[in-house]
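Student: model the following, please.
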Amino acid sequence: MKTLAQPTRHPETRKGLPHSRSPARQRGVVLVIALILLVVISLLAVTNVRNASSTANVAGNVRTTELATQAADIALRHCEASILNILRVASGKPSTYPSTFVASNILEPSIPLKWQDKANWDTTPLNYVLPFNLINQTGMNDATYKRPPECMGQLTDSVIGSITDNVTHVVTKTTTSYYVVTARGFGPEVEAGNGRPVGSEIWLQSNISILSENLP
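Tutor: The predicted structure follows:
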């Protein structure tokens, strides 16, 4: 009996077919992707926290600046009204604006002007300090401001002139007085006391020219 030779089987070469990935290699790729996503999410979270913190800081700075501006504006308007009232009373008219700002608070002319020297505000103050009741609302447990705003009024010049009536030809002597009013307000974070303030500080200024014949 003849024994048939078994055909030799050669391994088939599967060209062009994709190689299958092992489970361990697949798990490694997923881990890398997960780590990358985790880093991206962490960076986004840190960025959002920083943006929120920056927004809060900006909002806080805007608030303190606005409050300091409001305080300076209150001081400026108060001193303007006080000076006009003093001139009104001096001309023989009744007082219409109650104020603790008196005639002695109006500084005499000088070169340079008094407001330009910070020592006149901090070291040897010539400024007028507003009462707290003009800026802090009554009935509130917590006061908005710790340091009240200040102002300084100074006469800069007086010009003597005359007005001639075209009909009667009567000549009336007049005096035009010029004043500079300077105010500074502080934010709610500025502590009470004198000297140089530490915190937000806003300066405002106005000029008044008043004809002695035209006092309101």
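Student: looks to me like residue 160 is in a strand.
Tutor: Yes. When DSSP: H, G, I helix; E, B strand; the rest coil is applied, residue 160 is found to be in a strand.
Student: helix/strand/coil for the residue lying closest to residue 136 once chain neighbours are set aside?
Tutor: Spatially, and ignoring its direct neighbours in sequence, residue 136 is nearest to residue 143 (4.5 Å; Cβ to Cβ, 6 or more residues apart in numbering). For every residue, glycine as well, the C-beta is placed using N, CA and C. Here residue 143 takes the coil state, with states given by three-state DSSP.
Student: where do the strands sit along this structure?
Tutor: Secondary structure of the chain (DSSP state E): strands at 106-107, 128-129, 150-164, 171-186, 201-211.
Student: packing partners for the longest one?
Tutor: Using 3 or more Cβ pairs under 8 Å, 6 or more residues apart in numbering; DSSP states H and E as the contact criterion, the secondary-structure elements in contact with strand 171-186 are helix 23-90, strand 150-164, strand 201-211.
Student: mean confidence for stretch 201-213?
Tutor: In this model, stretch 201-213 carries a mean pLDDT of 90.
Student: hang on, the earlier thing: residue 113 is nearest to which of the helices and strands packed on strand 171-186?
Tutor: strand 150-164 (6.0 Å; Cβ to Cβ).
Student: show residues contacting the closest one.
Tutor: Identification of contacts with strand 150-164 by Cβ atoms under 8 Å, 6 or more residues apart in numbering yields 75-76, 78-79, 82-83, 101, 105-110, 113-115, 120-121, 125-130, 170-184, 213.
Student: save the strands of the chain as CSV, and put in distance to residue 29 too.
Tutor: Formatted as CSV, the strands of the chain follow (distance: least, Cβ to Cβ, whole Å):
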stretch, distance to residue 29
strand 106-107, 82
strand 128-129, 73
strand 150-164, 70
strand 171-186, 62
strand 201-211, 61
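Student: the residue positioned nearest the centre of the chain and residue 200: what is the separation?
Tutor: The chain has residue 65 as the residue nearest its centroid, 1.6 Å off, counting by Cα atoms, centre = their mean. Per Cβ to Cβ, to the nearest Å, residue 65 is found 6 Å from residue 200.
Student: overlap in contacts of these two?
Tutor: Common neighbours of residue 65 and residue 200 (criterion: Cβ under 8 Å, 6+ apart): residue 187.
Student: re earlier: show the buried residues in the contacts of strand 150-164.
Tutor: Buried members of those, counted by 16 or more other Cβ atoms under 10 Å: 75-76, 78-79, 82-83, 101, 105-107, 114-115, 120-121, 127-128, 130, 177, 179-184.
Student: quick revisit: hang on, isn't the residue nearest to the centre of the chain packed against residue 201?
Tutor: No. Using Cβ atoms under 8 Å, residue 65 is not in contact with residue 201, being 9.8 Å away.
Student: joint contacts of the two?
Tutor: In contact with both residue 65 and residue 201: residue 187, using Cβ under 8 Å, 6+ apart.
Student: please consider this matter closed, and thank you.
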